[in-house]
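Participant: quick one, fold the following:
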Amino acid sequence: MQQQHRDENQRKHSIEGHTPDRESTGEKIEEEVEEVVKEAQQEVAEARRPWYQTVRWGRILLVAYGILLALSALLAWWVYYHPVLAVDVTITREFQENQAPWLRYTMIAVSFIGNEAALSFGLIVLAVLLLWIVDLRLEAIMVVAVTATSALLLELIKYIVARPRPTPYLVDIIQQASGQSFPSGHVMSYVAFWGLLFSFGIILFQGKHWWRTGLLIISGLLVVLVGPSRVYLGDHWASDVLGGYLISGILLGIALWIYLDLKGRGVLAPRRKRAKRFHEKYLKPTP
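Facilitator: Here you go, the predicted structure:
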């Protein structure tokens with residue numbers, strides 16, 4: 001009997017001795033599983049991150065913006081000390097050699113919106129209202145922010161550089177304009193407003209609907225043609241137009257970067273209570 005009791009006690013001790021080991025092994029397994037799950041979740045999150053938020057592309061964009069900013073500053077400094085450039089005069093004269101009526105009227109029509117302050121302001125207000133009605137509040141605020149920033153930046157640079165406009169002694173002045181020449185205000189305002197709408201047309205909307213196609217075509221053509229129209233009409237030098245595209249391109253790029261980041265975080269996201277059918281039918285699904 002005593003031997004039997006000893007055997008039972010030994011078994012109990014051996015079981016009790018192994019129990020902590022089993023518990024510690026189970027805890028280790030759970031910790032390892034949690035670490036694996038966390039790593040997998042992190043990898044999925046990294047894979048789902050938009051390309052513009054990745055470290056590699058972020059650095060590339062920063063370098064690109066830095067180069068554009070340096071070119072803009074260099075160009076502004078150059079025209080400040082050299083208001084009249086031979087290459088500008090040559091380009092304008094080459095542009096103005098063709099005086100076909102269709103070309104003249106096309107160039108005038110392209111610049112018309114920028115010549116009418118009330119019309120430009122009305123289009124901005126209309127775009128903001130339409131975006132707000134369909135519950136795209138972040139996009140509406142971005143339109144206001146980008147166009148306002150572009151206007152303030154334009155006035156500041158014009159004041160600093162103070163470059164005179166082309167004169168009739170050098171080129172034909174088809175449309176007289178006042179104020180300073182560098183950079184082109186038409187180019188900056190068109191890129192800020194129409195360029196932003198073009199970007200929204202690509203980022204937000206889906207399908208081949210007539211209004212989306214029209215938005216992309218009209219906004220794209222206005223952004224591309226406004227520069228040549230300013231040179232053709234004798235309102236600006238080619239370097240003014242180049243400066244306008246460089247500066248407004250930087251502004252639009254940074255604005256879109258901020259917009260996409262805010263959109264990815266769900267800032268001012270649609271509340272799904274208004275314009276629900278519009279969102280389901282015309283907007284791209286949010287990743």
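
Participant: with adjacent residues omitted, what lies nearest to the residue most central in space within the chain?
Facilitator: Closest residue to the average C-alpha location of the chain: residue 256 at 2.2 Å, with CA atoms, centre = their mean. What sits nearest to residue 256 in space, not counting adjacent residues and going by CB to CB, 6 or more residues apart in numbering, is residue 199, at 5.7 Å. (Glycine included, C-beta is placed from N, CA and C.)

Participant: so which elements touch the host helix or strand of that neighbour?
Facilitator: Residue 199 belongs to helix 185-203 when assigned by DSSP states H and E. Using 3 or more CB pairs under 8 Å, 6 or more residues apart in numbering; DSSP states H and E, the elements in contact with helix 185-203 are helix 101-115, helix 117-133, helix 137-161, helix 210-232, helix 238-264.

Participant: and of those helices, who's closest to residue 60?
Facilitator: Taking CB to CB, helix 238-264 is the member of the helices and strands packed on helix 185-203 nearest to residue 60, at 11.8 Å.

Participant: that closest one vs helix 185-203, what angle?
Facilitator: Using axes from the mean of the first three to the mean of the last three CA atoms, to 10 degrees, the direction of helix 238-264 lies 30 degrees away from that of helix 185-203.

Participant: quick one: helix 238-264 to helix 137-161, angle?
Facilitator: 150 degrees.

Participant: so what secondary structure elements neighbour helix 238-264?
Facilitator: Under the contact definition 3+ CB pairs under 8 Å, 6+ apart, helix 238-264 sits against helix 55-81, helix 86-96, helix 137-161, helix 185-203, helix 210-232.

Participant: show residues contacting the last one.
Facilitator: Contact with helix 210-232 is made by 91-92, 95-96, 103-104, 106-108, 110-111, 113-114, 174, 184, 186-187, 190-191, 194-195, 197-198, 201-202, 205, 236-238, 240-242, 244-245, 282, as judged by CB atoms under 8 Å, 6 or more residues apart in numbering.

Participant: repeat that for the second one.
Facilitator: Residues outside helix 86-96 that contact it (CB under 8 Å, 6+ apart): 166, 170-172, 174, 228, 231-232, 234, 237-239.

Participant: and residue 269, what element?
Facilitator: Residue 269 belongs to no helix or strand when elements are defined using DSSP H and E.
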